[in-house]
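In: My questions concern the predicted model and sequence given below.
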Amino acid sequence: MVRFGGQKVGQVVAGIGGNSVGQLLAAVAVTLLLRVFSGPGPALLPDNESVVSDDDEQNDVAEDSEAQADGEVVPVTIRWRNITCSLSDKSSKSVRFLLKDVSGEAKPGRLLAIMGPSGSGKTTLLNVLAGQIMSSPRLHLSGLLEVNGRPSSNKAYKFAFVRQEDLFFSQLTVRETLSLAAELQFPEISSVEERDEYVNGLLFKLRLGKAYLIFVSCADSNVGDAKVRGISGGEKKRLSLACELIASPSVIFADEPTTGLDAFQAEKVMETLRQLAQDGHTVICSIHQPRGSVYGKFDDIVLLTEGALVYAGPARNEPLAYFSKFGLLTKPFVCYVLIMPSLYLNACYGDGLNKNNRHVNYLLLKKFMYRCPDHVNPAEFLADLISIDYSSSESVYTSQKRIDALVEAFSQQSLTILYATPLNRREDSKNFKKLRKKTTVKKGGWWRQFWLLLRRAWMQASRDGPTNKVRARMSVASAIIFGSVFWKMGRSQTSIQDRMGLLQVAAINTAMAALTKTVGVFPKERAIVDRERAKGSYGLGPYLLSKLIAEIPVGAAFPLMFGAVLYPMARLHPSLSRFGRFCGIVTVESFAASAMGLTVGAMVPTTEAAMAVGPSLMTVFIVFGGYYVNAENTPIIFRWIPRVSLIRWAFQGLFASMNLVVFNLIIRIHSTFKQENRLGEATNLSVLSKALERLSFGGSRIRDTVMAQSRILLFWYCTTYLLLEKNKPKYQQLEPPPLEENQPKLQLEPLETDSTPPLEQVKSNQQLDPTPPPPPLDQVIPFILEGL
Ligand SMILES: Nc1ncnc2c1ncn2[C@@H]1O[C@H](COP(=O)(O)OP(=O)(O)OP(=O)(O)O)[C@@H](O)[C@H]1O
C-alpha cells in the first residue's frame, strides 16, 4: 500500500470521504493523481505501443541481450507503398518517371528478387528501399515505407548494402580484411582469440574458409586488383557480404550480385543469399536474368518494367500461373485453332518434336497464352514477356501494348491475394523495440581507430609490390636521365645556369611523381572510405593521420633513390651533410605534393578527373617555382602564389643547400676577372650577390623551407579533411505521397492481430515446404489484351 504522510492511503481516503460515495470519489481522485505522477499508463500510450506489457518489455530486454550476445538477427518486415521516383529535366521542362507507384513487401526468412529488363528501375527501387538514392535537386521521391508495421525509414534497422562494385584494399588477405572490419565495427571484441573465432565463423558461413573447402581456400589469399590477380569475382562478392554481415544486419540489400560472374559463381553467391535468408535475414536483391536454378531459389519476386509493377508476390510457379490467365481467355479463336493443336502435338510427341517445331510451339505459347513452355527457364520467359521488342516498329507497338495492359492489370489486383505468411502486430511491435536498441552504432575510441587504420594503411602501402616497383624504377630512370643531361657539371660561369636548372628539374620531378601516384590511387580508396564511414566504422581524423604516418617510410624511399643516383652523377657538392640536406628537401617536398594529390582526389569524383586536375594545378606552382618568372614582375593578384608553391620552396631550399658552392663560384669568377684585369667589363661580387637576391633566395635558410613545406602539407591535409567531410554522400529523403495517393491503389494485407508462428517456426516450415501456399488464382481478374 502506498504510504502518504505516514498513513496508509486507504485510511487517508476513508478519512477524507466520510461516506461510501465520498470514499469512492476520493479513491478515483487519488488514483488519477497517482496516474498523473507515475506517467502515462497503457491507455495514454500511442496505439501501437500499447500492445506490449511491462512483463513483455522485461522479457524483451532479456531476450535482446541474449540476442546481442549470440548475434541473432532481429526479424524485419519492410513494406513500401506508392513509391514514385521522378527526374525533372529543366531544359526540356519534362519529367521522367523512374518508378511509378510501386508497392510491395519483403519479409524475414525470405529471399526477394527484383527482376525486370535493363533500365526498368531495379537498382533505383533497391536504392530507394535502402535509402541510398543520391540526393539531387532534379530528383523527386515520394512514398511510404513501413518497418515492422510502423512508418519508418531505413534508419530504424540495421541493414547491409552489397553494391555491384566490390571495393577492397587490394593488398590485404581475405582474413585480414574481415578481421579489420570486425575490429573496427565491433569494439567489444577485445581478445585475439575471440576475434579469430568470430572471423572464422564468418569465413565458414560465407564459404570462404578452410572448413568449407579443404583443398582450395581463399581465406589467406590477397584480395587483389586489376594489377595483381587475387581472389575470384564470386569470392569478392561473398567477401563483400561477409564484411556487411559483421554488423548483424536485419536486412540485406544486394544490387545485381551476379553481374560479371560466371554461371557457377553466380549460383554460389545466390545460394549464400538464400542461406542468409533462411538464417532469418530479410534479403532483397536486384537481378537481371537469372538462370533457372537461381530462379528456383527466390521466395518472392517483384517484376518491374519501365518503372512500373507487373507482378509482386511469391516466386517459382505463381507468377507463371498468374500470367497464364491472360491471353487465353481473351482470344478463344486463337486458343482453340492455334494453341490447342500445338499443345496436343507437344503432348503426343513431346521429345520427338524437332527443334523448329519446338520453337514454333514456344512462340505460340509465349505470344498468345503467356504460358511458360516446359523446359524453358521461367526467368527468361518472364523477361521476354515484360520487355519491349525493338526488332520492328510493329513489334514495338505490340509489346508496348502488352506491357501497358499487364501493368494496368496488376494495378487492379490486391497484393493481399499474392503475399503469404503475414507477421502479427504483437511480434512486429516486439521486433520494433529490439531494433531501436540494435541500431545504435558503437564506435571504438579515437586511438583504437587510429591504430587499426595505421596497421591497414601500412599493410597496403608496404605490400603494394607492383606499384612500389614501378615507382622505384621511375625514380632511378629519371635520375639517370637528368644525371646524364647534367653530367658532372663544371665550375665555370655557365654552369651556374645548369646547376639552377638541375635544382629546378629535381624539384619538379619529385613533386610530379608524388602527385600522380596519389591522384591515381586516392579516388578509389576514397570510395571505400566513404562506404566505411557511412557505416560509422571510424572518423576522418584517425584515417587521415594514420595514412600520413603509414606512408612516410614508403613515400620517403623514392625521393631518396632519386637523390642518391642524381647527386653523384651531376657532381653536386661532394659532402655527406649537403647530400643529406638535398635528400631531405626533396623528401619533404614529395610529402607536400602527396597531400596536394589527396586534396585533388577529394575534390573530384573520379581518377580520370583527378589525373586531369592534379598536373594542371601543379603547372601553376611550377611557373611560380622561382626559376621561370620573378613574382615581382607579375600582376599583383598572382604574387601570393610563390608563397604557397611547394616547387618554389623546394627550389629555394635546394638552392640554399648549395648556396655556398654558388657563392664560391662567384668569388672564383670574381678573382679570375680581377687577375685578368677584366673586372670592369664583367661584374663585381655585390652585383652577383644582388642577382641572387633578386631570385628572392638571398639569405634563405633550409629551416625556412622545411617550415614552409610543413605548413603547405598541413594546409592540403586540412583542405582534404574539409572536402571529404563536405562531399560525403547525401541521400534523398522519401517524402510522403500527395494526399490523394496516400490511399494505396494496391492494398497490402493488414497486419493480423492474432498470434502467428515465431520466426523459427516460419523457418522450419520453409525448410519442410519451400513453396508458400499458392494464391487463389481464381481471384485474378482476366483482361482484354489490346496489343494482340
Ligand atoms: N540519377 C539518374 N539520372 C538520370 N537517369 C537515371 C538516374 N538514375 C536512374 N536513371 C535512369 O533510370 C532508369 C532505371 O535505372 P536503373 O539503374 O534503376 O535500371 P536497372 O533496371 O537497374 O537497369 P540495369 O539492369 O541495366 O542495371 C534508367 O533508364 C536510368 O538511365
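Out: Sure, I can see it.

In: How is this structure partitioned into domains?
Out: The domain map for the chain lists 3-70, 169-247, 497-537+555-700, with the assignment taken from automatic domain parsing.

In: For the first one, what does the pLDDT average out to?
Out: By that I understand domain 3-70. Mean pLDDT, computed over domain 3-70, is 42.

In: Now the stretch 201-350 of the chain against the ligand: closest residue?
Out: His288 (5.0 Å; C-beta to the nearest ligand atom). To be clear about C-beta, it is placed using only N, CA and C from the backbone, and glycine gets the same treatment.

In: Would you confirm that that residue contacts Glu256?
Out: Yes. With contact defined as C-beta atoms under 8 Å, His288 and Glu256 form a contacting pair (6.3 Å).

In: These two: who's more crowded?
Out: Shown here are His288 and Glu256; by other C-beta atoms under 10 Å, Glu256 has more neighbours (18 against 15).

In: Return the backbone torsion pair for the more buried one.
Out: Main-chain dihedrals, Glu256, degrees, to the nearest 10: phi 40, psi 60.

In: so who does it touch?
Out: Going by C-beta atoms under 8 Å, 6 or more residues apart in numbering, Glu256 touches 122-123, 164, 285-288.

In: let's see 10 Å
Out: 114, 122-123, 126, 162-164, 285-288 (C-beta atoms under 10 Å, 6 or more residues apart in numbering).

In: Same check on Val174?
Out: Val174 is in contact with 168, 199, 203, 206, 208-209, 217-223, 230-231, 235-236, 238-239, 242, counting by C-beta under 10 Å, 6+ apart.

In: same check, this time on Leu144
Out: By C-beta under 10 Å, 6+ apart, Leu144 lies in contact with 79-83, 103, 151-152, 734-737, 741-742, 744.

In: of these, closest to Lys517?
Out: Using C-beta to C-beta, Leu734 comes nearest to Lys517 of the contacts of Leu144, at 41.8 Å.

In: rewinding a little: got a winner among the contacts of Glu256 for most neighbours?
Out: Highest neighbour count within those, by other C-beta under 10 Å: Ile114, with 28 neighbours.

In: Okay, helices next: where are they in the stretch 501-650 of the chain?
Out: 540-570, 576-603, 607-623, 641-644, 646-675 (DSSP state H, counting those that start in this stretch).

In: most packed of those helices?
Out: Of the helices of the stretch 501-650 of the chain, the one with the most neighbours on average (mean count of other C-beta atoms under 10 Å) is helix 576-603, at a mean of 23.

In: Where does the prediction get shaky in the stretch 551-700 of the chain?
Out: Applying pLDDT under 70 to the stretch 551-700 of the chain flags the ranges 659-700.

In: Single out the residue in it that lies closest to the ligand.
Out: With C-beta to the nearest ligand atom as the measure, Pro605 is the residue of the stretch 551-700 of the chain nearest to the ligand, at 13.4 Å.

In: thinking again about what came up before, narrow the contacts of Leu144 to those in helices?
Out: With helices taken from DSSP state H, there is no overlap with these.

In: So which of those sit within strands?
Out: Counting by DSSP state E, these place 79-83, 103, 151 in strands.

In: Out of these, which is nearest to Trp458?
Out: The closest of the ones in strands among the contacts of Leu144, once distances to Trp458 are taken by C-beta to C-beta, is Trp80, at 44.4 Å.

In: Provide the partner residues of the closest one in its beta bridges.
Out: With DSSP bridges as the criterion, Trp80 is bridged to Gly104, Leu145.

In: any idea how far it lies from Ser103?
Out: Counting by C-beta to C-beta, to the nearest Å, the gap from Trp80 to Ser103 is 6 Å.

In: now do Val76
Out: Between Val76 and Ser103 the distance is 18 Å, computed by C-beta to C-beta.

In: Out of the two, name the residue with the larger neighbour count.
Out: Val76 (27 against 21).

In: Need the three-state assignment for that one.
Out: coil (DSSP: H, G, I helix; E, B strand; the rest coil).

In: pretty sure it is touching Pro108, no?
Out: Yes. Counting by C-beta atoms under 10 Å, Pro108 is a contact partner of Val76 at 6.0 Å.

In: Now do the strands in the stretch 1-150 of the chain.
Out: In the stretch 1-150 of the chain, the strands defined using DSSP state E, counting those that start in this stretch lie at 3-4, 7-8, 78-89, 94-106, 111-115, 139-147, 150-151.

In: Out of those strands, which one sits most buried?
Out: Burial of those is given as mean neighbour count (mean count of other C-beta under 10 Å); strand 111-115 ranks first at a mean of 26.

In: can you tell me if that one touches the ligand.
Out: No. Under the criterion of C-beta under 6 Å from any ligand atom, strand 111-115 makes no contact with the ligand; the nearest approach is 8.2 Å.

In: For the residue of the stretch 201-350 of the chain closest to the ligand, report the pLDDT, please.
Out: Per-residue pLDDT puts His288 at 83.

In: again with Pro757
Out: Pro757 is assigned a predicted lDDT (pLDDT) of 40.

In: How about Tyr721?
Out: The score at Tyr721 is 95. That number is its pLDDT.

In: which secondary structure element contains it?
Out: In the assignment (DSSP states H and E), Tyr721 maps to helix 702-726.

In: List the residues that contact the spatially closest residue to Lys488 that is not a sequence neighbour.
Out: Excluding its sequence neighbours, the residue lying closest to Lys488 (C-beta to C-beta, 6 or more residues apart in numbering) is Arg571, at 4.3 Å. Contacts for Arg571 (C-beta under 10 Å, 6+ apart) come out as 483, 486-491, 495.

In: Could you list which of those residues belong to strands?
Out: Per DSSP E, the contacts of Arg571 never map to strands.

In: Now flag whichever of these is closest to the ligand.
Out: Gly483 (52.1 Å).

In: Tell me if I'm right that the closest one and Ser475 touch.
Out: No. Using C-beta under 10 Å, Gly483 is not in contact with Ser475; the gap is 12.0 Å.

In: The residue of the stretch 651-788 of the chain found nearest the ligand: how many residues sit nearby?
Out: Relative to the ligand, the nearest point of the stretch 651-788 of the chain is Gln732 (9.8 Å; C-beta to the nearest ligand atom). For Gln732, the neighbour count with other C-beta under 10 Å is 18.

In: For it, list the residues it contacts.
Out: Gln732 neighbours (C-beta under 10 Å, 6+ apart): 85, 127-128, 131-137, 139-141.

In: quick one: low-confidence parts of the stretch 51-200 of the chain?
Out: By pLDDT under 70, the weakly predicted segments of the stretch 51-200 of the chain are 51-72, 153-154, 188, 190.
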